[in-house]
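Engineer: Next input, structure requested:
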Amino acid sequence: MSMLRRRKGSEIEKDSKLNLKEDENLDGEDENKRKVKEEKKKKKEENKKKWNCFDNCCWFIGLICSVWWFLLFLYNAMPASFPQYVTEAITGPLPDPPGVKLQKEGLKAKHPVVFVPGIVTGGLELWEGHQCADGLFRKRLWGGTFGEVYKRPLCWVEHMSLDNETGLDPSGIRVRSVTGLVAADYFAPGYFVWAVLIANLARIGYEEKTMYMAAYDWRISFQNTEVRDQTLSRIKSNIELMVATNNGNKVVVIPHSMGVLYFLHFMKWVEAPAPMGGGGGSDWCAKHIKAVMNIGGPFLGVPKAVSGLFSAEAKDVAVARAIAPGVLDKDLFRLQTLQHVMRMTRTWDSTMSMIPKGGDTIWGGLDWSPEEYYECSHKRHKHNDTDLAADKGTEHVDSQTKSLPYGRMISFGKDVAEAPSSKIERTDFRDAIKGNNYANGSCNDVWTEYQDMGIGGIKAVADYKVYTAGSLLDLLHFVAPKMMKRGDVHFSYGIADDLDDPKYKHYKYWSNPLETKLPNAPDMEIYSMYGVGIPTERAYVYKVSATSDCYIPFQIDTSAEGETEGSCLKGGVFTTDGDETVPVLSSGFMCAKGWRGQTRFNPSGIQTYIREYDHAPPSNLLEGRGTQSGAHVDIMGNFALIEDVIRVAAGATGEELGGDQVYTDIFKWSQKIDLQL
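Structural biologist: Purely as a prediction, here's the structure:
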C-alpha cells in the first residue's frame, strides 16, 4: 500500500510540475504574443506615418500638376490679346510694332532681303552618325530643344566635333545646317533670333520669295563652307535670282555677329576668279547689293574668343566655377564638362575668325589703349550728333587719374595688370621646353592639347605675365599648336602694309577688314549697327589652376576685384562699353575711321554709317527680352533697329535715316589709333 501511495504521490508531484511548466509555457507564449502584437502595432503605426508622408508628397505633387495644367488650360483658352491687355493695363498703351507703324506710313517691300546668321544661332541637323546616334536622322543637334545633350552628352559632343586635322567631317559623321527661314528664326522654343525682324518685314509685304536665310555650317572655316557644301555659290546664285525676279532691285544684306565676317569673306570670294573665288568679277557687288546692314559685327575680333580658346571660359563660366569649385573641372557624372567643351570648340575653326585683329595698333599695348580712360559708371547723355561724339569724353579725362589696362588682354595676377610696365619682370615663353605631362594618364579621349604642355610649359606661360593683342597669337600657338596650324590656313590677324601685294588675293585675308579692300561699289552703303551701354569683356586677370588629373591649367581669377564700386574690374574681368559680347571698338572702328571716306581699305568711297542703340532693359516681365535692348542677340528685337532695317529695305538711304546715331566715344577712340589710311 505504501508503495502505491508513493507512486500516486510521485505521479501527483509530476502532474503538478507538468502543470506548472505548462502554465509557465502558456505565460511565456502570452508574453511572446503580446510582444509580437506590440511590434505589429508599432510597425503599423510607423507604416502609417510613412504612408502619411508618402501620401502628403503625392498630394503635393498632384496639387502642383493640377495647378500647372489648370494654368496651361487658361493660357491656351485666353484670347491672344490678353497678355497685351495686361501689359497695357500696367505700363500704358504699347507702341505699334515697327512693321505696323511703317505699313501705316505706306511703306512697301522693295529690295529683297538676305539674312546671314552668326555663330551658334543657326540650326544643325544630323545626316549620318555613329551607332550611339541611332534615331536622330535629320534631328537637330544644335538649336531646338537640345534634348540630346541631356540624353547622350558624350555622343552629342562626338557628333558636334570636327576632325582635328582637316577641320571637316570626322569619319562616319555628317552634320549639316538647317535650310530656310526656320534655320535661325528661333534658337530654341520661345527664344527668337530673326523671327521678330521677319514678322515685321512681312507687315509691309515681304514673304519667303523676297527673304532668304543664307544658312551655313558655322563651325567650319569660311572657305571650307564652299569646299564641302558649296554654300558661297548658293548665296551668289540666290542673290542673283532674287535681283532678277524683283525688277532688278538690289538686295539688302543683314549679317549678324560672325555672319558679318562671313559676308565680308563672301564679298571678296564672289569677285575673285575661279577656282578660289566665285568668278563674279569686280563689279558684282555694285550690281547686286544696295546695302550691307551689319548687326553686332565683330569686325576686329572679340577678347571673349581668346578666353574661350585659352581656358574654355567667359565671364559667366568663370563665375560658375567660383560658386561651385570643381563641378565643371572634375569628373562629375562621368563628364569632365569644361574639358569636353574645349575639346569640341577647339575643332570649330570658325571661332578663330574672331581672334582680335590689328595687334597692339588697334587694341593697345602695355601702357595704353584707345578706351583707357573709359568710366564704367559714367552716365551717357543721349544725342545724335557726330561732332559731339567726336569730342565727347574729354570732359571727364582729367577727373580720372588712373588709366585702365585694357591693352593687357591677359594678365597673371591683378597686381601685374595694374603695375607700371617698367616694374614687370617677364620670362619669354616662346622657346620654353614643354616636357612630359604629369597628368596625361587619365585624360583618355578628352584631348585639348594641354596634355602636351607639361609643368615647364605651364610655368613658362604664367611667367610671361602679360599678353597684349600682339603676343596673344604667339600664346595660342604655344598652348594649341595643332589648332592654330589649321587656323593659319584660313585666317589672318595683321594689318596690310600694301593691299596691292599679290599675297592678299588669298582667301585667308578676306575676312580681315585690315587686310582687304571693300568692293568697287560706290553706290553701296555699309552700316555698323550695334548695342551700347552694357559691360562687355575686354581684358582678363588669370591664375594657374590647382593641379588635378586631366585639367585645364589656367582659369580666370574671379577673386580679382576693383577697389571702387564703379570699377571696371569685376570677377577677374575688365569690362568696357559694348553689347555684352562685342566691344564698341571692334564694332565701330571700321565705319568710324577705317572705311570712312575714301581710304586704302575703301578705295571706291562707299558710304558708311554708325547706328548705335542705347540699351534699356525691359520695364517688366511681360515685356520679354525688351524692345529697346542693346544686347548682342536681344537687339534683334529692338524696335528702333528693326525700323531702320525696314526703311532701308523699302528704299531709304543712310542720309534719310539721319546719318550716324552715336552715344559712345567711338570717334574719339578711333582717332587715338594710329593707322595708315
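Engineer: Tell me the secondary structure at residue 585.
Structural biologist: Applying DSSP: H, G, I helix; E, B strand; the rest coil to residue 585 yields a three-state assignment of helix.
Engineer: Check whether it really touches residue 667, as I assumed.
Structural biologist: No: the criterion here is Cβ atoms under 8 Å, and residue 585 misses it with residue 667 at 11.6 Å. In short, each C-beta sits where N, CA and C put it, glycine included.
Engineer: where along the stretch 101-250 of the chain do the strands fall?
Structural biologist: For the stretch 101-250 of the chain, the strands defined by DSSP state E, counting those that start in this stretch occupy 113-116, 124-128, 140-142, 174-177, 186-188, 191-192, 211-213.
Engineer: list the buried ones in the fourth one?
Structural biologist: Read that as strand 174-177. 175, 176, 177 (16 or more other Cβ atoms under 10 Å).
Engineer: go on, the second one?
Structural biologist: Counting neighbours by 16+ other Cβ under 10 Å, one finds that the buried residues in strand 124-128 are 124, 125, 126.
Engineer: Doesn't residue 552 belong to a helix?
Structural biologist: No: using three-state DSSP, the secondary structure at residue 552 is coil, not a helix.
Engineer: Quick one: residues contacting it.
Structural biologist: Residue 552 makes contact with 311, 312, 329, 338, 339, 342, 448, 450, 545 under the criterion Cβ atoms under 8 Å, 6 or more residues apart in numbering.
Engineer: Dump those into CSV; add neighbour count and distance to residue 151 as well.
Structural biologist: What follows is those, written out as CSV (neighbours: other Cβ atoms under 10 Å; distance: Cβ to Cβ, whole Å):
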residue, neighbour count, distance to residue 151
311, 24, 28
312, 23, 23
329, 21, 24
338, 23, 21
339, 22, 20
342, 24, 22
448, 25, 25
450, 24, 29
545, 15, 30
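Engineer: and which of those residues is nearest to residue 187?
Structural biologist: Closest approach to residue 187 among the contacts of residue 552 (Cβ to Cβ): residue 312, at 20.8 Å.
Engineer: Run through the residues that contact that closest one.
Structural biologist: Residues counted as contacts of residue 312 (Cβ under 8 Å, 6+ apart) are 338, 339, 341, 342, 345, 552.
Engineer: at 6 Å instead, please
Structural biologist: 338, 341, 342 (Cβ atoms under 6 Å, 6 or more residues apart in numbering).
Engineer: any idea how far residue 476 is from it?
Structural biologist: For residue 312, the distance to residue 476 equals 13 Å [Cβ to Cβ, to the nearest Å].
Engineer: How about residue 179: what's its closest non-neighbour residue?
Structural biologist: Leaving aside its sequence neighbours, residue 179 sits nearest to residue 215 (Cβ to Cβ, 6 or more residues apart in numbering; 5.7 Å).
Engineer: whoops, residue 249 was the one
Structural biologist: residue 111 is the one closest to residue 249 (Cβ to Cβ, 6+ apart), at 5.0 Å.
Engineer: now do residue 219
Structural biologist: residue 348 is the one closest to residue 219 (Cβ to Cβ, 6+ apart), at 4.4 Å.
Engineer: for residue 180, same thing?
Structural biologist: In space, residue 180 is closest to residue 213, 6.2 Å off (Cβ to Cβ, 6+ apart).
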